[in-house]
Structures are given as C-alpha cells and as structure tokens.
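> My questions concern the predicted model and sequence given below.
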Amino acid sequence: MDDIFSHLFGFGGMGGMGGRPRRQRTKDCKYPIKVSLEDLYNGKEITLKITRQVLCPSCHGTGSASGKPPVKCSECDGRGQKVQVSQRGMMITQQIITCPKCHGTGEMVNPSDRCKKCSGNKVCDEDKRVTVHIERGMEDGEEVRFQGLSDEAPNAETGDLVIILQQKKHEVFMRKHDDLLIRKKISLSEALLGTKFVVKHLDGRQLIVEAPPTEIITPGAVKVIEREGMPQRGNQFERGRLFVAFEIAFPKANQITPALREALTAALPPPNETAGINMDDENVCLVTMKDADMKQFENARSSYKQDRHEAYQSGDDDDDRGGVGCQPM
C-alpha cells in the first residue's frame, strides 16, 4: 500500500503493512515570465513579487487559538485519505479519495478554538520578493528553481518555486539554440554588384556586413558569420553562429527603361530556348502568363467526382425512362 501511495502521490499516506507514514511535500509552484531575446543574450536580474501560503505565525500552523494541538480526524484516522469502495454489478472497485471531513489534513480543530488570524486554516498569505538571475545563453522554456519557496503546509516539506522563462518573439532575430538567423532583403543591383548593410546586434554593437562586388548573391542564398550568435551557456567566451538568409527584390516592369533593357540584354543575354522550333507547326502553341499565387494551386479541387456523380445521375434518369443501361449478368 505504501508503494502505491508513493507512486500516485509522492508520499506514503496510509502507512500500511506496519510502515510509518511518509512526510508529504507540497506541490512546486510554477511561475512563467516573459523575457526578451536581449535578456537571454546579455543576462539580466528580474525582481518578482510573489504571494505564497506560509504557516500561520500566530498559531504556528496548528490552527488553534489556545495552542492546543488538533485532534486526529476520526473519519480517516489521521491519514488524510480514505479508500472508497464502490460496486457495479459483479465488479468491485476501490478508489483513494481525500478525506471530506478534514480536507486531507488528517486533523480537526475545535470550531470554538480556531485561530483568528488564519481562521483555523493553519496557513496565511505572505508577499515575498525574489530575484531571478537570467544567465547569458539561457533558452526558452528553461527553469530557474528556488528550493523551499512554494506554499507551506503543516507536517509537510515545502516544494520549490519554479520560474519558467518564456522568450518573446523578436522583430529581427530568430533563434535556434546557440545560433541566430536574420532575413535580409536586397535589391537586384546589390545581388549582382555587391552589398553592404548594418545589423544592430542584441548587445548594441553594429555589425557591418559586406559582400564583395565579385560575389553574386543568388535568390534564397544563405550566408553565415561565425561567433556572432548566442553566448554558449556555461562558456561565455564562445558564441554560436549568425545566419543571413537573403531575399532579392526584383525591379518592377515600369522601372526597366529601354536604355536599361538594352544594357541588360547586352550584359545578360537571355537563353533562347525556342531556337530551332517551327512556330508555324500546328503542334506549337504560343501561350501567355498572368499573375497568380501558390494558394490558388494548393486550394485546387478535383472536379472528377462531381462529373462522375452527374454521369451516374444521368444514367439513373435514363433507366427511369426505360432507356438502355448496364444490366447485371
């Protein structure tokens, strides 16, 4: 029985098989806080005000005004839990429930002797300030644990206060563990003739990123800058990588003047894939394109089922009129 209680609740509540009841432990209190990517990059201290339950200082957690110890609950014999037996037909089931009389405390206080400060509840609220130290390189979802700062309860060990870091979305940087990513849109001329731009880093530094004129940046190209990512947790002298994903903005049609078109044709002659094709051949068709987007393709629906259903409906109509149809063999 002790092993069952230990598995289900984390303590031995019944003290079965001659064993001594194990000391309970209050639940950990989990408290999420929002932090910026700058906080995780540079490190920060955040002071929080929390409210928790502590043993009543007036009655020292007894719930009694006179200081007399509470008596053992007669309903559960001081265990705080009961075994409830129920029967459905031939099936008998047992269920462990919290004692409804003492609400799981295993003790009862005389109503006339209840502590006025805590109204016999043995605990009262306490406001406390805690300082959370955010280390450089900590990640989203990471926990900062304060031992023994959860709610207190009589005859129980106190659980921990667990601060959970939740990273806010950043406007410029995306993070993947120690690595960072930015997306940079450049013009076609920058892609062909070289580009230089400024990246304001998370620590306030300004990085001058340059692509030499001899290097052509193609659409979808990704570059990497070593040691400009996030600080590594536990090794502040090392950093991850900073990736740059390029997007090329092509000029609009009205921006291509005849002179520019002529210059581009001379510098970048288009491939003539239609060379050698007889345009007068009846199997050669000249078609035109218009603007579209991928959603039109992704949302395309099949018309086959509808057409087939209509064909079946037409066949049924023919049968009803005595027409020729498929007959079973």
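Yes, it's here. Note that the structure is predicted; figures quoted are calculated from it, not measured.

> Rounded mean pLDDT for the host helix or strand of Q236, please.
Per DSSP states H and E, Q236 falls inside strand 235-239. Throughout strand 235-239, pLDDT has a mean value of 86.

> so what does the helix or strand following it touch, helix or strand wise?
Sequence-wise, the next helix or strand beyond strand 235-239 is strand 242-249, with elements assigned using DSSP H and E. On a contact count with 3 or more CB pairs under 8 Å, 6 or more residues apart in numbering; DSSP states H and E, strand 242-249 meets strand 179-187, helix 188-193, strand 222-225. Using the backbone N, CA and C atoms, a C-beta is placed for each residue, glycine as well.

> Distance to K117 added to those, as JSON lines?
Listed next are these as JSON lines, based on distance: least, CB to CB, whole Å:
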{"stretch": "strand 179-187", "distance to K117": "53"}
{"stretch": "helix 188-193", "distance to K117": "72"}
{"stretch": "strand 222-225", "distance to K117": "61"}
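
> where does the protein dip in pLDDT?
1-23, 103, 271, 288-289, 291, 302-329 (pLDDT under 70).

> Start from the N-terminal end of it and give the helices.
Listed in chain order, the helices of the chain (DSSP state H) span residues 2-9, 37-42, 188-193, 258-267, 294-298, 304-320.

> do you know which of the helices and strands packed on strand 242-249 lies nearest T47?
Among the helices and strands packed on strand 242-249, strand 179-187 comes nearest to T47, with 28.1 Å by CB to CB.

> before we move on, the earlier item: and the strand holding Q236, which residues are buried?
Of the residues in strand 235-239, those with enough neighbours to count as buried (16 or more other CB atoms under 10 Å) are R239.

> Confirm for me that C102 is in contact with C73.
Yes. The pair C102 and C73 passes the contact test of CB atoms under 8 Å, sitting 3.9 Å apart.

> any common contacting residues for the two?
Listed as contacting both C102 and C73 by CB atoms under 8 Å, 6 or more residues apart in numbering are 80, 108.

> could you measure the closest residue to I208 other than its chain neighbours against V209, distance?
Once flanking residues are discounted, I208 sits nearest to V198: 6.1 Å by CB to CB, 6 or more residues apart in numbering. In this view, V198 and V209 are 7 Å apart by CB to CB, to the nearest Å.

> List the strands paired with the strand holding Q236, with their directions.
Looking at strand 235-239 with DSSP bridges, its paired strands and their directions are strand 231-232 (antiparallel).

> What count of nearby residues applies to I134?
Burial measure for I134: 19 neighbouring residues, criterion other CB atoms under 10 Å.

> What of the one 5 residues further on?
E139 has 14 neighbouring residues, counting by other CB under 10 Å.

> Surely it and D39 touch.
No. Distance between E139 and D39: 11.8 Å, which falls outside the contact criterion (CB under 8 Å).

> quick one, what contacts S86?
When the contact criterion is CB under 8 Å, 6+ apart, the partners of S86 are 92-93, 95.

> could I get stretch 145-164 in PDB with only the CA atoms?
Taking C-alpha atoms only, stretch 145-164 is exported to PDB below (Å, rounded to 0.1, in the frame of the first residue of the first chain):
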ATOM      1  CA  ARG A 145      14.400  26.900  -9.300                       C
ATOM      2  CA  PHE A 146      14.100  28.300  -5.800                       C
ATOM      3  CA  GLN A 147      14.100  25.500  -3.200                       C
ATOM      4  CA  GLY A 148      11.600  25.600  -0.500                       C
ATOM      5  CA  LEU A 149       9.700  28.700  -1.700                       C
ATOM      6  CA  SER A 150       6.400  27.100  -2.700                       C
ATOM      7  CA  ASP A 151       3.400  27.000  -0.400                       C
ATOM      8  CA  GLU A 152       3.900  25.700   3.100                       C
ATOM      9  CA  ALA A 153       1.700  23.200   4.900                       C
ATOM     10  CA  PRO A 154       1.700  21.700   8.300                       C
ATOM     11  CA  ASN A 155       3.700  18.500   8.700                       C
ATOM     12  CA  ALA A 156       4.900  18.700   5.200                       C
ATOM     13  CA  GLU A 157       8.100  19.500   3.300                       C
ATOM     14  CA  THR A 158       7.900  22.700   1.300                       C
ATOM     15  CA  GLY A 159       8.100  22.400  -2.500                       C
ATOM     16  CA  ASP A 160      10.000  24.700  -4.800                       C
ATOM     17  CA  LEU A 161       9.200  27.900  -6.700                       C
ATOM     18  CA  VAL A 162      10.000  27.200 -10.400                       C
ATOM     19  CA  ILE A 163      10.400  30.200 -12.700                       C
ATOM     20  CA  ILE A 164       9.800  29.300 -16.300                       C
END
